[in-house]
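1. Below is the sequence, then the predicted model.
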Amino acid sequence: AFVLGGGTADGNSDAAEVLDVKSNDDGCDTRWRTMAGRLSSPRHAFEAVCVNKKLCDEEMMANNPALYAVGGWKYGSVSCEGVERLVFRHPAYEVPSEEFERHLLDDARWEQCAPLLLPRRLHSVAASADGSSIFVFGGYVDERRTTPSIEMYDVGLDEWHAVDELPHSENCPLVQAVAERGGFLIFPFSTERAEDKDAPKVLRYTPGSGEPFSLVLLSGHGEGNWRRQLRLPIANWHSFSATASTSLNKAFLVGGTIGGKWTNRSFELDLLTYEWTELPAMTFARRRLATLVLE
């Protein structure tokens, strides 16, 4: 597990920490350890994503996972275009060892990648299912202005391309997105004025298609023989985080604010039936958090 940057009592941080778990006679000794390699600048309100993609370098060609840190807010007033990655190239990656741990803590360094075309913060980042690209959705470009733009990063070419714009300005461009079936599901943030019946509609985004955005229609029929549309499970929901599990075929929406108040509620979406299930409450209410499923 990794923790990257963020806001602290002393200002923004550029530090990266790794959760170190060791077994001993008394059970497990767990502690956070700081990496020598730091992000290029202290910042918060950015996104990180893990990408599994075959990478070729002078030493090997292997399925090397990489962590990408994308965008954010630095110096308290500037949206950041910076993108950097940490690639697990060490031969011992597949079988964690003390040698790999030393490499990660002492020698591993973040590599600068091509910057975003449009600096932004509080955006959403999701990797394609095949690991070939990273998509960035919406966000703030400064303290007040948002952008609906979607950018795509080609992992192999180290290039960004402007590809689309988020629709429905009433709820977008503040969203969360997860990869699903050759595309993405987009969960728009709600507004504080929304009523229960106005919970935002979930969108399906299929890059490169003639009509990239579509509603997610549910099986069965509603009143008047109209098929129901998938919506968020509650209205007035903002600043939550979303992630997905390919092995479980489920997406998870966690935390945020409901009606302007911080919440510890979270929901699971079955990606086969599109049914929502509320999960047990988190210990603490939190917003603008990050979530990740390791598998």
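-> Good, I have the coordinates.
2. In the stretch 151-295 of the chain, where is pLDDT below threshold?
-> Within the stretch 151-295 of the chain, the stretches with pLDDT under 70 are 168-172, 192-197, 220-227, 294-295.
3. mind listing the strands in it by residue range?
-> 159-165, 175-180, 183-188, 203-205, 213-215, 237-238, 241-245, 250-254, 257-258, 261-262, 266-270, 276-278 (DSSP state E, counting those that start in this stretch).
4. contacting residues around E111?
-> Going by C-beta atoms under 8 Å, 6 or more residues apart in numbering, E111 touches 84-87. For every residue, glycine as well, the C-beta is placed using N, CA and C.
5. closest one to G131 among the strands of the stretch 151-295 of the chain?
-> strand 175-180 (9.9 Å; C-beta to C-beta).
6. list the helices and strands the closest one packs on?
-> Packing contacts for strand 175-180, counted by 3 or more C-beta pairs under 8 Å, 6 or more residues apart in numbering; DSSP states H and E, involve strand 124-127, strand 133-137, strand 183-188, strand 241-245, strand 250-254.
7. quick one: the first one to chain centroid distance?
-> So the one you mean is strand 124-127. 5 Å (C-alpha atoms, centre = their mean, to the nearest Å).
8. Please apply the same query to stretch 107-114.
-> Here stretch 107-114 is found 19 Å from its chain centre; the criterion is C-alpha atoms, centre = their mean.
9. Which positions within that stretch qualify as buried?
-> 108, 110, 113 (16 or more other C-beta atoms under 10 Å).
10. Ends of that stretch, what's the gap?
-> End-to-end distance of stretch 107-114 (C-alpha to C-alpha, to the nearest Å): 22 Å.
11. Nearest to F284 among the strands of the stretch 151-295 of the chain would be which one?
-> Among the strands of the stretch 151-295 of the chain, strand 261-262 sits nearest to F284 (C-beta to C-beta), with 8.8 Å.
12. Excluding chain neighbours, what is closest to D164?
-> Leaving aside its sequence neighbours, D164 sits nearest to I150 (C-beta to C-beta, 6 or more residues apart in numbering; 4.4 Å).
13. Dump the buried residues of stretch 107-114 to TSV, plus pLDDT and distance to A290.
-> Listed next are those as TSV, based on pLDDT from 0 to 100; distance: C-beta to C-beta, whole Å:
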residue	pLDDT	distance to A290
A108	81	20
W110	89	17
C113	95	19
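14. Relative to G182, which of those residues is nearest.
-> C113 (24.5 Å).
15. shouldn't that closest one be in contact with E81?
-> No - applying C-beta atoms under 8 Å, one finds C113 not in contact with E81, separated by 10.7 Å.
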